[in-house]
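Peer 1: Could you look at this predicted model? Sequence included:
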Amino acid sequence: MKIFYLPDLGEGLHEAEIREWLVKEGDQVTEDQPIVSMETAKALLDVPSPFTGTIEKLHGNPGDLVKTGAPLVSFNADAQSSHHVEQHRKDAGTVVGNIQVGDTVINESATGIKPAAASGARVKASPAVRKMASELGVDLNTVTPTGPGESITAADVNAAATSKPSSIQPTTATNDVAAPEGYTALHGVTRSMAINMALAHQTVAPVTLVDDADIQHFGPNEDISVRIMRAVQHACEQVPKLNSHFHGKSLSYKQIKEINLAIAVDTEAGLYAPVIKDIGNKTDLELREKINEFKVHAKKQDFPPADLSGATISLSNFGVFVGRYASPIIVPPTVAIIGIGKLRETVVAENGVPAVHKIMPVSITVDHRLITGGEAARFLAALINSLQQ
Amino acid sequence: MKTIAEFSIQFHQYLNEEGQIVQALPAFANDHAHLIRLYTSMQRTRLLDAKAVIMQRTGKMGTYPSSLGQEAVATGLGDAMKPEDVFCPYYRDQGAMLERGVTLTEILSYWGGDERGADFQVPREDFPVSVPIATQCLHACGVAYAFKYRKQPRVAVTSLGEGGTSEGAFYEAINLAGMWNLPVVFVINNNQWAISVPRNIQTHAQTIAQKAIAGGIEGVQVDGNDVIAVREIVGRAVEKARSGNGPTVVEAVTYRLSDHTTADDAKRYWNEEVVKTAFAKEPLIRLRRYLTEQGAWNDEKEKQLIDQLSQELDQAIKDYANKASQPAENIMDFTFKELPEALLHQREILLGENHG
């Protein structure tokens, strides 16, 4: 049997997702024929067959993440390649030519991985990974390697660092654990949500404040979304600290001049948070065009990567569905998220008499590690003032 | 008020997208054998690119920049140079490098991560591929200055993408080239895309060629899908430079029909209709059509050519795959004359690991 191991399909990619098999087990294929459609962090592409021969086994199903260097397809033993080079497990995919590999046998013990020989043993890790290990105080000899050619990856070092008894057990997932029987593995945007939310939950200290804005004066043609964005802009100008990035490890923060507003968008595939950059320097028309553009992308779930990064503050307009107030999750390194509830008409006191007004419920959730309750309150007041003008 | 200076940019085309002659051909193009040679070179480049992308997808090649659709630019400029000239290529110049005598195996080795592939056995003085954007423009000026200083009738040629002309290095280079009247030619492969940045938001200039005016040098535009035009106009620029009449910027207008590199996915940002139209204008179809109408080409010859080039390529891939790898210490041995102590220590660790 000849095995085709997943190569690095981009530049330094650690994994790729199987989107669609273009062949099935037992198929006869020719060299260079596309056999599988794979999605990486950057591209969707067809991977060709390295051999002419019969497919014996497809390692994985559509939706599965395959690590660089892991088996992808097995061919029959007689499969031929015109290049007269055969891949061996030791020089998995990413490496062209031969790489010399130590022959030290690594044995697994109950407490972890230990080198078989006390001296002469070598671990394989890139300089960046070695530096990271030394910073985190991780002995590379105790790390289970999962990278290509039994090399230690950054994720391996992280896993080892966080599993030390003195540190807190992470609730974030690692790539190494397969989904149990009967479970559906998350991938793509749903997977990103799980990772980001778990991370936020572990680190952020959220506090939420809610109130109502009286928007009785809004005309019938008022562009409410744009009005909300302008109110966020106004509040950021009044209390600029909420438009910051917080660096939890060093307990430092950076106040940011441009307001890059992430907007939570619900799609069939899951939650996206595309970002409108520098809203302060955009006209109302430009903001509206950007919102419309996002709606189109949301339908096809084809947001350009540039639109999905760089947020400095977030907005969740959950009220378009239902709900008055909420405490949505802040995604680090940002420190604030605004929630807008369902608009309603209600009775309010106006000059001592009851009157029916249009009301917009507003929530602000801040990371209390950086933002004080006072700052959050002043921000919310500025936001409401702007809406009520 | 009076006009004190006026400039214009000429566009040159001989063979249009239907494969028809639109103006009297230059002398070389009346020789069918010469045109078939150019066609062969473009086809060789195309097959190399297609195979290299497949090899990257199966782990046998590093990141690779295909030149699909732009073969006429590289082939034309490579053919316009004399062997004693010096070429300072950028990363999408495999066609020109092949014309210069660089081998398929050397090109594969370079992109496969083996620096020995940049040590060309034939154009000994040609520069290695420049991946940093537009730096090669200044290298070419340095080479051209050396020729001028030594009073040698030689020319430095460099090429870059239209995105590269937004770099400071490009403007510095055309300024120097103009000021010192250097024997250098800048060929711009205007393929409409700088990775995912389209031409229309790259620069507000109507043409890339007109950027030459700022350096006080000639700028000219050619149909970059017409290999006859590229060969002729770059050839004129090279001979002008050789005779001491100064530098030229040649903008070759074409279209990138591939991803930027294998690490890119152009489907995410390009318009399929536009790409479909661009495919109809690509350089090989029109030359094949012309040669066929001239009775100089047919399906039989096409098939023979593809077979012959495929065999040549297969052999080159075998040679590439079977090339002995370099000793690990080569990573450290060619940067310092004498290794600093810290690196000496690392070198010992490296060797110890290899032998232990």
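Peer 2: Looks like it arrived, so ask away.

Peer 1: I'd like the mean pLDDT over stretch B:112-121, please.
Peer 2: Mean pLDDT, computed over stretch B:112-121, is 93.

Peer 1: And for it, what's in contact with it?
Peer 2: For stretch B:112-121, the external contacting residues (C-beta atoms under 8 Å, 6 or more residues apart in numbering or on different chains) are A:96-97, B:60-62, B:97, B:100-103, B:105-111, B:126, B:128-129, B:320, B:323, B:326. For every residue, glycine as well, the C-beta is placed using N, CA and C.

Peer 1: Excluding chain neighbours, give the residue nearest to the closest residue to chain B within chain A in space.
Peer 2: Closest residue of chain A to chain B, C-beta to the nearest C-beta: A:P7 (2.6 Å). Residue nearest to A:P7 in three dimensions, not counting chain neighbours: B:G59, with 2.6 Å by C-beta to C-beta, 6 or more residues apart in numbering or on different chains.

Peer 1: Surely that neighbour is within a strand?
Peer 2: No: applying DSSP: H, G, I helix; E, B strand; the rest coil, one finds B:G59 to be coil, outside a strand.

Peer 1: show me where pLDDT drops low in chain A?
Peer 2: Counting by pLDDT under 70, the ranges of chain A that qualify are A:83-122, A:163-176.

Peer 1: try 50
Peer 2: Counting by pLDDT under 50, chain A has low-confidence residues at A:84-121, A:164-172.

Peer 1: Please state the backbone phi and psi of the residue nearest to the spatial centre of chain B?
Peer 2: By C-alpha atoms, centre = their mean, chain B has its centre lying nearest to B:D93, at 2.5 Å. According to degrees, to the nearest 10, the main-chain angles of B:D93 amount to phi -110, psi 20.

Peer 1: So what's the gap between the lowest-mean-pLDDT helix or strand in chain B and the chain middle?
Peer 2: Least confident helix or strand, chain B: helix B:341-355 with a mean of 79, by mean pLDDT, DSSP states H and E. From the chain centre to the centre of helix B:341-355 is a distance of 39 Å (C-alpha atoms, centre = their mean, to the nearest Å).

Peer 1: That helix - contacts with which helices or strands?
Peer 2: helix B:330-333 (3 or more C-beta pairs under 8 Å, 6 or more residues apart in numbering or on different chains; DSSP states H and E).

Peer 1: Residues in contact with the helix it packs on: which ones?
Peer 2: By C-beta under 8 Å, 6+ apart, helix B:330-333 touches B:339, B:343, B:346-347, B:350.

Peer 1: out of those, which are buried?
Peer 2: Neighbour counting over the contacts of helix B:330-333 (16 or more other C-beta atoms under 10 Å in any protein chain shown) leaves B:347, B:350 as the buried ones.

Peer 1: Find the closest residue to chain A in chain B.
Peer 2: At 2.6 Å from chain A, B:G59 is the closest residue in chain B, using C-beta to the nearest C-beta.

Peer 1: circling back to that earlier point, so what's the residue nearest to the centre of chain B closest to, chain neighbours aside?
Peer 2: B:A74 is the one closest to B:D93 (C-beta to C-beta, 6+ apart), at 5.3 Å.

Peer 1: A:N76 is in contact with A:T54, correct?
Peer 2: Yes: using C-beta atoms under 8 Å, A:T54 is in contact with A:N76, at 4.3 Å.

Peer 1: Now do the strands in chain B.
Peer 2: B:11-12, B:86-88, B:156-161, B:184-190, B:193-194, B:197-198, B:218-223, B:248-253 (DSSP state E).

Peer 1: Would you mind giving the ones you listed as JSON lines with mean pLDDT, distance to B:F279 and mean neighbour count added?
Peer 2: As requested, the strands of chain B are exported to JSON lines (pLDDT from 0 to 100; distance: least, C-beta to C-beta, whole Å; neighbours: other C-beta atoms under 10 Å in any protein chain shown):
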{"stretch": "strand B:11-12", "mean pLDDT": "98", "distance to B:F279": "22", "mean neighbour count": "16"}
{"stretch": "strand B:86-88", "mean pLDDT": "98", "distance to B:F279": "29", "mean neighbour count": "26"}
{"stretch": "strand B:156-161", "mean pLDDT": "98", "distance to B:F279": "20", "mean neighbour count": "29"}
{"stretch": "strand B:184-190", "mean pLDDT": "98", "distance to B:F279": "17", "mean neighbour count": "30"}
{"stretch": "strand B:193-194", "mean pLDDT": "97", "distance to B:F279": "15", "mean neighbour count": "21"}
{"stretch": "strand B:197-198", "mean pLDDT": "96", "distance to B:F279": "17", "mean neighbour count": "14"}
{"stretch": "strand B:218-223", "mean pLDDT": "98", "distance to B:F279": "16", "mean neighbour count": "24"}
{"stretch": "strand B:248-253", "mean pLDDT": "98", "distance to B:F279": "16", "mean neighbour count": "28"}
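
Peer 1: Dump these to a markdown table, plus distance to chain A.
Peer 2: Formatted as a markdown table, those follow (distance: least, C-beta to the nearest C-beta, whole Å):
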| stretch | distance to chain A |
| --- | --- |
| strand B:11-12 | 33 |
| strand B:86-88 | 24 |
| strand B:156-161 | 19 |
| strand B:184-190 | 22 |
| strand B:193-194 | 14 |
| strand B:197-198 | 11 |
| strand B:218-223 | 31 |
| strand B:248-253 | 26 |
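
Peer 1: Tell me the buried residues in stretch A:359-376?
Peer 2: A:359-367, A:370-371, A:375-376.

Peer 1: element containing A:P361?
Peer 2: In this structure, A:P361 sits in strand A:353-367 according to DSSP states H and E.

Peer 1: for that strand, the distance to its chain's centre please.
Peer 2: On C-alpha atoms, centre = their mean, the centre of strand A:353-367 falls 32 Å from the chain's centre.

Peer 1: Pairing partners for that strand, with directions?
Peer 2: When pairs are called by DSSP bridges, strand A:353-367 turns out to pair with strand A:206-214 (antiparallel), strand A:336-340 (antiparallel), strand A:344-350 (antiparallel).

Peer 1: so which of the ones you listed is the most packed in?
Peer 2: Highest mean neighbour count among the strands paired with strand A:353-367 (mean count of other C-beta atoms under 10 Å in any protein chain shown): strand A:336-340, with a mean of 26.

Peer 1: In PDB, list the C-alpha atoms belonging to that strand.
Peer 2: Taking C-alpha atoms only, strand A:336-340 is exported to PDB below (Å, rounded to 0.1, in the frame of the first residue of the first chain):
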ATOM      1  CA  ALA A 336     -17.000  46.400  24.700                       C
ATOM      2  CA  ILE A 337     -20.100  45.200  22.800                       C
ATOM      3  CA  ILE A 338     -23.400  47.000  22.300                       C
ATOM      4  CA  GLY A 339     -26.700  45.100  22.200                       C
ATOM      5  CA  ILE A 340     -29.800  46.600  20.500                       C
END
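
Peer 1: which residues are in contact with that strand?
Peer 2: Residues contacting strand A:336-340 (C-beta under 8 Å, 6+ apart): A:228, A:232, A:242-243, A:313-319, A:325-331, A:360-367, A:371, A:376, A:379, A:383.

Peer 1: So which of those belong to strands?
Peer 2: A:313-316, A:360-367.

Peer 1: what's the farthest-apart pair in those?
Peer 2: Using C-beta to C-beta, these span at most 24.0 Å, a distance reached by A:M360 and A:D367.
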